[in-house]
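Peer 1: the sequence isn't on hand, but the structure is:
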């Protein structure tokens, strides 16, 4: 456990014990019959002593709660905690009684440890169970949160592994075709592919990268396609400098650009133009990919693996805060517009 986390936990336990002590001191001072009430000083001394000692015993209760759980030992955990509650309550009352008798010298004990046990045992015993149940509740909530994060990351990783083989298969197929017509071009394409795959390895599992990094990856992909398409593929990139530091899902633009190249520009003998635009707008990072190619053949548009998985990743990462819009371009072609909340690696938001 990090030292900072331990210190924070100690402060929270001390604060909780103090609040409990003050609360029950007001009860002892105001709510009890007049012959049993105590002055404020005695009421605070008595209750703060009891609850500060319980605060010191919290690590013991947590240890037992972690060691003996119903999901591990079943109902055998019940007698263990029942015995532990009796033992720790006895320890707490003995320590409090000695402090009140000989250190603080509060007359609440009337000179006898036996009086401390008689008056406080039944009211003090539930404190053990309260601490135990609070620990279990927090522990289960933390486990659920960590499990949710793990499942989300697993789903995102699964979606990414679907995209990468899809792109790899298409690229290797192009290299295979060029081997019979232009070995030099095939060799250049293989070199570019090696650079591209090296970039994916260096990603290190990050789910988000800056738009600048994502565009560098897309540029490596486009270098591969330019070898095959030559002058038939014309690319224009227009991104505002302020947008380059914004975060986008890693490997999210490449499949969208690949769709534009292969389904929009590829079928045309004359080729076509591809435009990638990026900007910040109203607290969002907006990236628009447009081609003037063949456009979709079917209406409504039937989305393939690239668009489907990109939507799924946006939903996993941002929920309803992100969007992916598609449609026909002006005068033909197709566009895809991705919008996510603007954030930078340092956590800056617009």
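Peer 2: Arrived safely, thanks for sending. Keep in mind it's a predicted model, so treat the numbers as computed, not measured.

Peer 1: how does the protein divide into domains?
Peer 2: Segmentation of the chain into domains, based on automatic domain parsing, reads 3-146, 179-341.

Peer 1: rounded mean pLDDT for stretch 223-239, please.
Peer 2: For stretch 223-239, mean pLDDT is 89.

Peer 1: what distance separates the start and the end of it?
Peer 2: 19 Å (C-alpha to C-alpha, to the nearest Å).

Peer 1: so how far is it from its chain's centroid?
Peer 2: Chain-centre distance of stretch 223-239: 37 Å, with C-alpha atoms, centre = their mean, to the nearest Å.

Peer 1: what's the answer for stretch 68-87, then?
Peer 2: 33 Å.

Peer 1: pull the residues that contact it.
Peer 2: 61, 64-65, 125, 128-129, 132, 136 (C-beta atoms under 8 Å, 6 or more residues apart in numbering). In short, each C-beta sits where N, CA and C put it, glycine included.

Peer 1: if we go to 6 Å?
Peer 2: Residues outside stretch 68-87 that contact it (C-beta atoms under 6 Å, 6 or more residues apart in numbering) are 64, 125, 128.

Peer 1: now do the end-to-end distance for stretch 197-215.
Peer 2: End residues of stretch 197-215 are separated by 15 Å (C-alpha to C-alpha).

Peer 1: and that stretch, average pLDDT?
Peer 2: 81.

Peer 1: buried set for it?
Peer 2: For stretch 197-215, a neighbour-count test (16 or more other C-beta atoms under 10 Å) marks 200, 207-211, 213-215 as buried.

Peer 1: same question for stretch 257-266.
Peer 2: Neighbour-count burial for stretch 257-266 [16+ other C-beta under 10 Å]: 257-261, 263-266.

Peer 1: counting by contacts, list what the helix or strand harbouring residue 196 packs against.
Peer 2: In this assignment (DSSP states H and E), residue 196 forms part of helix 183-202. Secondary-structure packing of helix 183-202 (3 or more C-beta pairs under 6 Å, 6 or more residues apart in numbering; DSSP states H and E): helix 113-178, helix 211-229.

Peer 1: so which of these is the most packed in?
Peer 2: Mean neighbour count (mean count of other C-beta atoms under 10 Å) peaks for helix 211-229 among the helices and strands packed on helix 183-202, with a mean of 19.

Peer 1: after that helix, heading C-terminal, what element do we hit next?
Peer 2: Counting by DSSP H and E, what follows helix 211-229 is strand 233-239.

Peer 1: can you list contacts of that next one?
Peer 2: 222, 225-226, 271, 273-278.

Peer 1: which one of these is nearest residue 315?
Peer 2: Nearest to residue 315, judged by C-beta to C-beta, of these is residue 278 at 21.4 Å.

Peer 1: give the helix, strand or coil label for the closest one.
Peer 2: Of the three states, residue 278 takes strand under DSSP: H, G, I helix; E, B strand; the rest coil.
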